[in-house]
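Enquirer: everything below, folded, please.
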Amino acid sequence: MLDEKSLSQMGFPIILQKKLLEKMEQMKGGSTKASPNISEKSVNELLNDLYKQVFGSSNLIATLQTLHKILGNLVHSPEEQKFRRINLENPMIAEKVAKYPPAVALLELAGFVFTKNNHLEYPATNPQLLANLGFAISLIEGFGNRVGKQAINQPA
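Expert: I've put the predicted structure just below:
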């Protein structure tokens, strides 16, 4: 679960930590939805589909770590263009993310959209969308901890 300590360890700025924690607090009111576009159920369904498609736990962990890093970089530095655009033909991204439709769908669910030349781009950086990213990150971490032997937020 996201808390001040885990957000701090992930390197989130204090102001963003507060915004994410406020959003998580709002979500405790009985609803698991972070927004109309993202819910715990939809993220977990994609993670389960990913689990079924990825052969070998080391491949799964590498894919989850890559997703975690992509989303974490964007939350940590939302204005950095290099974190807002993903080239799906980049060899590392192609191997760890793009070849698994559930991984790409998870990025879309988090707010990335397809653009020309086989890229995904994150078009906006409002607090609600950043809270969605934080929510997705926490679900990826939890899933990784259930299926893997190492923490997702640590390098492979």
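
Enquirer: so for stretch 88-101, what's the average pLDDT?
Expert: Mean pLDDT, stretch 88-101: 92.

Enquirer: and what of stretch 42-59?
Expert: Stretch 42-59 comes out at a mean pLDDT of 84.

Enquirer: tell me which residues are up against it.
Expert: For stretch 42-59, contacts defined as Cβ atoms under 8 Å, 6 or more residues apart in numbering pick out 60, 63-64, 96, 100-103, 105-106, 109, 135-136, 139-140, 143, 147-149, 156. The way it works is simple: take the backbone N, C-alpha and C, and place the C-beta from them, glycine included.

Enquirer: just the ones in helices from the residues you listed, please.
Expert: In helices, defined here by DSSP state H, the members of the contacts of stretch 42-59 are 60, 63-64, 101-103, 105-106, 109, 135-136, 139-140, 143, 147.

Enquirer: quick one, which of these are buried?
Expert: Neighbour counting over these (16 or more other Cβ atoms under 10 Å) leaves 60, 63-64, 102-103, 105-106, 109, 135-136, 139-140, 143, 147 as the buried ones.

Enquirer: of these, which is the nearest to residue 79?
Expert: Nearest to residue 79 out of those is residue 136 (Cβ to Cβ; 19.3 Å).

Enquirer: quick one: residues contacting the closest one.
Expert: Residue 136 neighbours (Cβ under 8 Å, 6+ apart): 34, 38, 43, 71, 106, 109-110.

Enquirer: apply 10 Å and report the result again.
Expert: By Cβ atoms under 10 Å, 6 or more residues apart in numbering, the contact list for residue 136 reads 34, 38, 40, 42-43, 46-47, 67-68, 71, 75, 106-107, 109-111.

Enquirer: buried residues of stretch 77-90, list them for me.
Expert: Using 16+ other Cβ under 10 Å as the test for burial, stretch 77-90 gives 78, 83-84, 86, 88.

Enquirer: measure it end to end?
Expert: Start to finish, the residues bounding stretch 77-90 are 21 Å apart (Cα to Cα, to the nearest Å).

Enquirer: name the surrounding residues that touch that stretch.
Expert: Under Cβ under 10 Å, 6+ apart, the answer for stretch 77-90 is 11, 13, 16, 69-76, 93-94, 96-99, 104, 107, 111-112, 114-115, 117-127, 129-130, 133.

Enquirer: write the ChimeraX selection for whichever of the residues you listed are buried.
Expert: Applying 16+ other Cβ under 10 Å to the contacts of stretch 77-90, the buried members can be selected in ChimeraX as follows:
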select :16,69,70,71,72,73,74,75,76,93,96,97,98,104,107,111,112,120,122,125,129,130,133
